[in-house]
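Based on what follows, work out the 3D shape:
(one chain, ligands or ions: 1)
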Amino acid sequence: MALTPDDLVYSATARCTCGAGLAHPKTASTNGCWDCSEILLGTARRDVKHIARLPFIFYKVSSENHPSALRATTRPVLAGAPL
Ligand SMILES: [Zn+2]
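Down below sits the predicted model:
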């Protein structure tokens, strides 16, 4: 089943080399990884380079849900969505 942005936790500021925010499924365990959000969504372009997955245990990526993010997020803003 395809994931949607609502199924993902986005990073506060860290992005893939393609420009999309990093993300992980909300259901990810502590053994999970940060990955390109567009790869997770199945919308990634194939003609650009994407980062390798970043396992949580090796990489400290600030999530949009962390208080220190001060509501920063790499989550794409949907057209017409209230801010
Ligand atoms: Zn990417």
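
Just the residues contacting the lengthiest strand in the chain, thanks.
When the chain is parsed with DSSP state E, its longest strand is strand 8-15. Strand 8-15 has contacts (CB atoms under 8 Å, 6 or more residues apart in numbering) with 21-26, 28, 34, 37, 40-41, 61-66, 68-69, 72-75. All C-beta spots, glycine's among them, are computed from the backbone N, C-alpha and C.

Quick one: mean pLDDT for that strand?
Averaged over strand 8-15, pLDDT sits at 97.

Just the buried residues of the helix or strand following that strand, please?
Where DSSP states H and E defines the elements, the next helix or strand beyond strand 8-15 is strand 21-25. Neighbour-count burial for strand 21-25 flags 21-24 (criterion: 16 or more other CB atoms under 10 Å).

Same list, those residues, but as CSV with distance to the ion and pLDDT please.
Converted to CSV, the buried residues of strand 21-25 look like this (distance: CB to the ion, whole Å; pLDDT from 0 to 100):
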residue, distance to the ion, pLDDT
Gly21, 9, 98
Leu22, 9, 98
Ala23, 10, 98
His24, 14, 98
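
Those into CSV, with extra columns for distance to His50?
Output for the buried residues of strand 21-25, formatted as CSV (distance: CB to CB, whole Å):
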residue, distance to His50
Gly21, 12
Leu22, 10
Ala23, 12
His24, 15
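
re earlier: which of the contacts of strand 8-15 fall in helices?
37, 40-41 (DSSP state H).

Just give me the residue right at the centre of this structure.
Ala23 (1.8 Å; CA atoms, centre = their mean).

Does that one touch Asp35 like I think?
Yes: between Ala23 and Asp35 there is a contact under CB atoms under 8 Å: 6.8 Å.

Just the endpoints, please. Distance across stretch 48-66?
By CA to CA, to the nearest Å, the extent of stretch 48-66 from end to end equals 29 Å.

same check, this time on stretch 30-48
End residues of stretch 30-48 are separated by 29 Å (CA to CA).
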